[in-house]
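**Student:** what follows is a predicted structure for the sequence shown.
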Amino acid sequence: MVIDAGVVSYAVDGAELLVVDVSPNDGWTPTVEVAVGREVEVTFRNGNDRVDLNLELEHNQVRIRIRDRRTGVRTEVFVPVGNPQSTTSIDPSNSSGTSTSTVPDTDTTTAPATQHSIQASGGTVVVSVSGDTVLLVSAVPTTGYSVDVRDAGPSTVEVRFESGDAESRVKVRVDKGQLRKSVEDR
């Protein structure tokens with residue numbers, strides 16, 4: 001998926017999200033619909049073309065939804081909230097739907113989380129694992145599939161990708177320090 005609208009930077013401040021900066025690409029005009037709150041929204045327009053970006057803070061994660069109204073493609077990504085003073089930039093043109101974070105230099109003794117990618121016929125799920133906690137980072141459907149996030153963590157991640165009669169189910173959990181994952185393609 002290629003969305004060429006621009007880049008949105010946001011910060012997490014306690015229990016709220018803040019839109020920090022919006023940088024449109026050539027030809028696109030951004031409108032910040034909601035700039036502060038548990039949910040923020042930015043719309044990009046270029047003539048009749050439109051791309052909607054919705055961010056929602058839930059369960060120590062930011063749920064990022066991108067809807068390209070030109071193609072009808074919807075992408076949903078989960079980004080774990082790290083340092084509460086971090087700033088994150090979202091580049092909707094990044095086909096993986098990932099984001100980058102800038103975190104202030106801090107002294108921490110917490111072991112870093114590891115990320116794991118799980119591939120199914122219907123799409124790719126990326127999870128972050130730290131200790132016995134597993135969090136959904138992203139769920140990117142294969143072209144023609146939709147994504148249904150059933151559980152984003154912290155004990156289990158469950159995602160379903162659907163296209164007509166075809167379905168892929170991905171389930172991930174940590175059991176006694178071991179990553180357990182199952183993939184069913186039907």
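**Tutor:** Looks like it came in fine. These numbers were taken from a predicted model, which means no experiment stands behind them.
**Student:** mind listing what Val19 touches?
**Tutor:** Residues counted as contacts of Val19 (CB atoms under 8 Å, 6 or more residues apart in numbering) are 8-10, 32, 35-36, 40, 42. Backbone N, C-alpha and C define where each C-beta goes, glycine included.
**Student:** please check those residues and keep the buried ones.
**Tutor:** 8-10, 40, 42 (16 or more other CB atoms under 10 Å).
**Student:** nearest the geometric middle of the chain, what residue?
**Tutor:** Val77 (1.7 Å; CA atoms, centre = their mean).
**Student:** right, and the helix or strand after the least confident helix or strand in the chain by mean pLDDT?
**Tutor:** Taking mean pLDDT, DSSP states H and E as the measure, the chain has strand 99-102 as its least confident helix or strand, at a mean of 36. Counting by DSSP states H and E, the next helix or strand C-terminal to strand 99-102 is strand 114-120.
**Student:** return the list of strands paired to that following strand, each annotated with direction.
**Tutor:** strand 123-130 (antiparallel) (DSSP bridges).
**Student:** buried stuff in stretch 7-23?
**Tutor:** For stretch 7-23, the neighbour count (16+ other CB under 10 Å) marks 7-12, 17, 19, 22 as buried.
**Student:** typo on my end, stretch 141-152
**Tutor:** Per 16+ other CB under 10 Å, stretch 141-152 contains these buried residues: 141-142, 145, 147, 152.
**Student:** got a list of contacts for it?
**Tutor:** 58-59, 61, 63, 74-76, 78, 121-124, 135-136, 139-140, 157-163, 166, 168.
**Student:** of the buried residues of stretch 7-23, closest to Arg67?
**Tutor:** Distance to Arg67 across these (CB to CB) is lowest for Val8, with 13.7 Å.
**Student:** so how far is Thr133 from that closest one?
**Tutor:** 27 Å (CB to CB, to the nearest Å).
**Student:** kindly report the same for Asp185.
**Tutor:** Distance from Asp185 to Thr133, by CB to CB: 27 Å.
**Student:** more neighbours: which of the two?
**Tutor:** Neighbour count, other CB atoms under 10 Å: between Asp185 and Thr133, Thr133 has more, with 15 against 12.
**Student:** for the more buried one, give me its contacts.
**Tutor:** 153-155, 174.
**Student:** most neighbours out of these, which is it?
**Tutor:** Highest count within the contacts of Thr133 by other CB under 10 Å belongs to Gly153, 23 neighbours.
**Student:** does it touch Asp132 like I think?
**Tutor:** No: using CB atoms under 8 Å, Gly153 makes no contact with Asp132, being 10.9 Å away.
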